[in-house]
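Asker: The following comprises the amino acid sequence and a computationally predicted model.
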Amino acid sequence: MKTYTLQWTLLTTVLGLGLAGQAQAKPPAGGVFCQKYPTSPECVGKQPSCTYCHIAPPQRNVFGTMLEKSLALGMPRPLSDADFSTALPSALTAVEAQDADGDGVSNLEEIQRGTQPADPSSKPGSNACQGGDNPQYSVCRYDLRHAYKKVLRDLCGVSPSFADVNAFVSKASDDERRAFIDTEIDRCAQTEFWRGKNGQLWKVAHPKIRPVGSLKDGEDKGGVPLADYYDDYNLFAYTQTDDHDAREVLTADFFVRRDVNPTRYSKVASLTSQKVDQAHRAGNMTTAWSLTDFIMFTAIPRNAASQMYRAYLGLDIAKQEGLYSVANEPQDYDAKGVTAKECAACHATLDPLTYPFRNYNGIASSKYETQYIPNRLEMFFPTAAPRITQTPEKGVIFGKPVNNLREWAQVAVDSDAFAISATKDYWKLLVGHAPTPEENAEFVATWQRFKSTHQFRVQKLLHDIVKTEAYGAP
Amino acid sequence: MRLNKLLMCAALCVACTDSAQAPPDPDVLELPATPVAKSARGNIRFKGPERLNTDFATALELRPESVCLELGLYPCTAAVHNVALGGVDPYGAGLYESPNATATTTPIVAERVAWTACTQRVSADLDNPSAAVIFRGVPLSGKKLGNVDGPEVRGVIGLLTQRVYLRNPYRNELERYVRLAKDIEATATAEPARAWMQAVCFAILSSAESVFY
């Protein structure tokens, strides 16, 4: 199914879980919630995380506590997932008019506006114009002069001159001004401030790559050189510039070289610093640095899977985001105790997400560098746990089975979550904060165009963000 | 041929003067009679280390790498105070993202950088008046400004607001910075002209309108 969406996955997951009926927490909740409130900002391309109703499952927050009192009254606890899914819609209806967090806004309005019904500091605000005059800014609407100055500061790293601003204002029409801003965006995207080493694109990449200077190999080598993460930055920057496809950050089977003065990124088939064979490459998930830092010495590298899920899909399992429980999981092949009730709610998603990493080697002897090694667990960890060698390479992401990490990457980049996450990165960089509930409509339109019309071209995304009221209205 | 001679004479005459021409008396903006309309969004952002350094360098025509150096060696914005100004330190401290808020020390550092940039500009302009960039053509009387109320002083204030705020000065700004010159002279400081130049530059560079956008 080409037009695969999170909601569809959610629906199939909910149905699957309804049949399985064994999970202790309630991962179906997000799906049922979104079936009831499909237009809630919490449900457009995503689903509410567990923290919508819980502090940490099973402990409920004020909204969850209120909801629980209306949920399947008289039925014995614990509820099966099927009973829970059946009872939840009417419980939600029962609390709609109430105000769980006491912020003066009903639960229903908070659901509809995308604020948190359990958090009194999260409530709908207003961008409504208050009227009056302002000689410097058009505070009630998109201000082209303001946007022009911001574009140069955000993308070029320097303010325009007084003469530049006057020349901009003197242009014959707003259409000319808009066209000039578009030209300036493209010019700035060529600058060192934007694409150079340690420039803005590299800043977007820092939390994804998570470099450690002391372990750096190659240029700027550290004390214990293990891998060269500049290769990761180079691939990231390449995929985010010019007319390149941002999805290749996870799907590339090539590497990227950086030349300087000025900075240029170009594709190469191989690099001496990278060891994974072409057939098993999955962009920045399988670089020498990622395998070194996120897999290290681990048999089943959950940290690698959760970091990629967080960094490139915006879903932090530690915050109970992006949970799509798989039936009969976790299996706990490495005997870490993850079947315990407190762990299983997350590991039913995380462990199947991790299995496709089983053959990617992290830190080992130089004979077995950071590369794909068939039967890695059998070779290096045969006695780590009784069932360790039964760990499959097949996994599941967003409820969809995949045979290997390359398929994992493809499902990932085809998801709404990838488009949302990438758009949010640049929204935060340019607008200055994550989308607020008041900005949600513009944000949704922006990531949807990034995914469909622009086919994941970041430079086109930048133009779209600059055109939003969120960016250009002072 | 005659035109060429005239141009040559004009060039020589300019070269003979010991001070560059003063900035023109600026157009003055009038404050509206009623309170200005407020932004409903209030989405103001601190410029951060790179923009702050580049904007100060551009406004005062300083080399970006010399705007502020601690001990004359270590760049204030790129290294020593980078994190205090909202920068990141991914390779060393593992600080991968900028904090969303300015820190307690951010204003101190911003003022440190502004002061260093301003004192450099003032010294350069006073030491070599014929190549002065900002404080040019301002008549001096010994160590004092020759005419506090003169158009040259207003011209300098206007030039600074144009270069830093990207707009002409408001009338109350002009009046405030002229009054500042008189207040400084009243303190009997040894070099009131230099002190005023430093102060007006610092006041404008370190203002909220300069360091936020």
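Answerer: Arrived safely, thanks for sending. Numbering: from 1, shown residues only, chains lettered A, B, ... in the order given.

Asker: how many neighbours does residue A:390 have?
Answerer: Other residues within reach of residue A:390, judged by other C-beta atoms under 10 Å in any protein chain shown, total 10. Every C-beta, even on glycine, is put in place using the N, C-alpha and C of the backbone.

Asker: wait, isn't it in contact with residue A:333?
Answerer: Yes. Counting by C-beta atoms under 8 Å, residue A:333 is a contact partner of residue A:390 at 5.8 Å.

Asker: Would you state the strands of the chain in chain order?
Answerer: With no chain named, the answer covers chain A. Here chain A has its strands, by DSSP state E, at A:54-56, A:59-60, A:255-259, A:264-268, A:395-397, A:400-402.

Asker: meant chain B, my bad for not saying
Answerer: B:69-70, B:74-75, B:140-141, B:144-145.

Asker: between those, which gets nearest to chain A?
Answerer: With C-beta to the nearest C-beta as the criterion, chain A lies closest to strand B:74-75 of the strands of chain B, at 13.2 Å.

Asker: Next one: the residue in the stretch 301-450 of chain A positioned nearest to chain B relative to residue A:286, how far apart?
Answerer: When scored by C-beta to the nearest C-beta, the stretch 301-450 of chain A has residue A:432 as its residue closest to chain B, at 4.6 Å. Using C-beta to C-beta, to the nearest Å, one obtains 33 Å as the distance from residue A:432 to residue A:286.

Asker: Show me what the mean pLDDT comes to for the longest helix belonging to chain B.
Answerer: Criterion DSSP state H: the longest helix present in chain B is helix B:106-127. Per-residue pLDDT over helix B:106-127 has a mean of 98.

Asker: Would you mark the buried spots in it?
Answerer: B:106, B:109-110, B:112-118, B:120-122, B:124-126 (16 or more other C-beta atoms under 10 Å in any protein chain shown).

Asker: any residue of it up close to chain A?
Answerer: No. Remark: helix B:106-127 sits outside contact range of chain A, by C-beta under 8 Å from any C-beta of the partner chain, the gap being at least 14.6 Å.

Asker: Quick one: residues in contact with that helix.
Answerer: Applying C-beta atoms under 8 Å, 6 or more residues apart in numbering or on different chains, the contact partners of helix B:106-127 are B:46, B:52-53, B:56-57, B:60-62, B:66-69, B:76-77, B:81, B:84-86, B:131-136, B:193-194, B:197-198, B:201-202, B:205-206, B:210-211.

Asker: CA atoms only for that helix - export them in CSV, please.
Answerer: C-alpha atoms of helix B:106-127 as CSV (Å, rounded to 0.1, in the frame of the first residue of the first chain):
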residue,chain,number,x,y,z
THR,B,106,24.1,36.0,28.6
PRO,B,107,23.6,39.8,29.2
ILE,B,108,27.0,40.1,30.8
VAL,B,109,28.7,38.5,27.8
ALA,B,110,26.6,40.4,25.2
GLU,B,111,27.6,43.6,26.9
ARG,B,112,31.3,42.4,27.1
VAL,B,113,31.3,41.9,23.4
ALA,B,114,29.5,45.1,22.6
TRP,B,115,31.9,47.1,24.8
THR,B,116,35.0,45.5,23.3
ALA,B,117,33.7,46.2,19.8
CYS,B,118,32.8,49.8,20.6
THR,B,119,36.1,50.7,22.3
GLN,B,120,38.0,49.3,19.3
ARG,B,121,35.9,51.3,16.8
VAL,B,122,36.2,54.5,18.9
SER,B,123,40.0,54.1,19.3
ALA,B,124,40.5,53.5,15.6
ASP,B,125,38.3,56.4,14.6
LEU,B,126,40.0,58.8,17.0
ASP,B,127,43.5,57.6,16.2
